[in-house]
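Novice: show me the folded form of this:
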Amino acid sequence: MKAVALVVSARERGNCYDFAQFMLERLAAAGIKTELINFYDYQITPCQNCHYECVQKFDPKKGINAECPIQDDVRSTWKKIWNAEILVLFVPTYGGLPSASWIAFTQRQQTTVYLIFGLKLVNMQLASPVSNHSHEDS
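Specialist: Here you go, the predicted structure:
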């Protein structure tokens, strides 16, 4: 069994990273293989300047799907996530909204997941710890 922690923070070693390390240490102690994906170390680019290659299959005139023309780490990251049995998300909020990198990453799933895995159902455990902290609370 494998667990992947997805840290979607713009900070290199912030609160989400520390919490992910804590969780993965506990999972590893239980004999589960672990991997931490820290978005700080990856190139995640939002959808932009394309001709919707990713959704051409849904156009009856074209009927094909093509890979996303953006060359970054999104596709390889989705592969790691979908090949794990456990996914633990660490998505910070800034001004009450999820981080921009989370929005960019999830936008790009519209084709990536379909092209990699088709429409098969995935049996995955998902945990998403929620923590809200204000500096005023310190």
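
Novice: report the contact partners of Pro46.
Specialist: If a contact means Cβ atoms under 8 Å, 6 or more residues apart in numbering, then Pro46 has 100, 103-104, 107-108 as its contacts. For the C-beta atoms, the positions are set from N, CA and C on the backbone; glycine is no exception.

Novice: so what's Leu27 closest to, chain neighbours aside?
Specialist: Ala3 (4.8 Å; Cβ to Cβ, 6 or more residues apart in numbering).

Novice: hmm, that neighbour is touching Ile32, no?
Specialist: Yes - if you go by Cβ atoms under 8 Å, Ala3 and Ile32 touch, sitting 5.1 Å apart.

Novice: just the buried subset of the contacts of Pro46, please.
Specialist: Listed as buried from the contacts of Pro46 are 103-104, 108; burial here means 16 or more other Cβ atoms under 10 Å.

Novice: point to the helix or strand of this protein where mean pLDDT is at its lowest.
Specialist: Of all helical and strand segments in the chain, the minimum by mean pLDDT, DSSP states H and E falls on strand 125-127, at a mean of 55.

Novice: show me the buried ones among the contacts of Pro46 that map onto strands.
Specialist: Within the buried ones among the contacts of Pro46, no residue falls in strands by DSSP state E.

Novice: now render these as JSON lines, adding pLDDT and distance to Asn49.
Specialist: JSON lines is the format used below for the buried ones among the contacts of Pro46 (pLDDT from 0 to 100; distance: Cβ to Cβ, whole Å):
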{"residue": "Ile103", "pLDDT": "88", "distance to Asn49": "17"}
{"residue": "Ala104", "pLDDT": "89", "distance to Asn49": "14"}
{"residue": "Arg108", "pLDDT": "81", "distance to Asn49": "13"}
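
Novice: okay, the residues you listed in CSV with distance to Gly95 next?
Specialist: As requested, the buried ones among the contacts of Pro46 are exported to CSV (distance: Cβ to Cβ, whole Å):
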residue, distance to Gly95
Ile103, 13
Ala104, 17
Arg108, 23
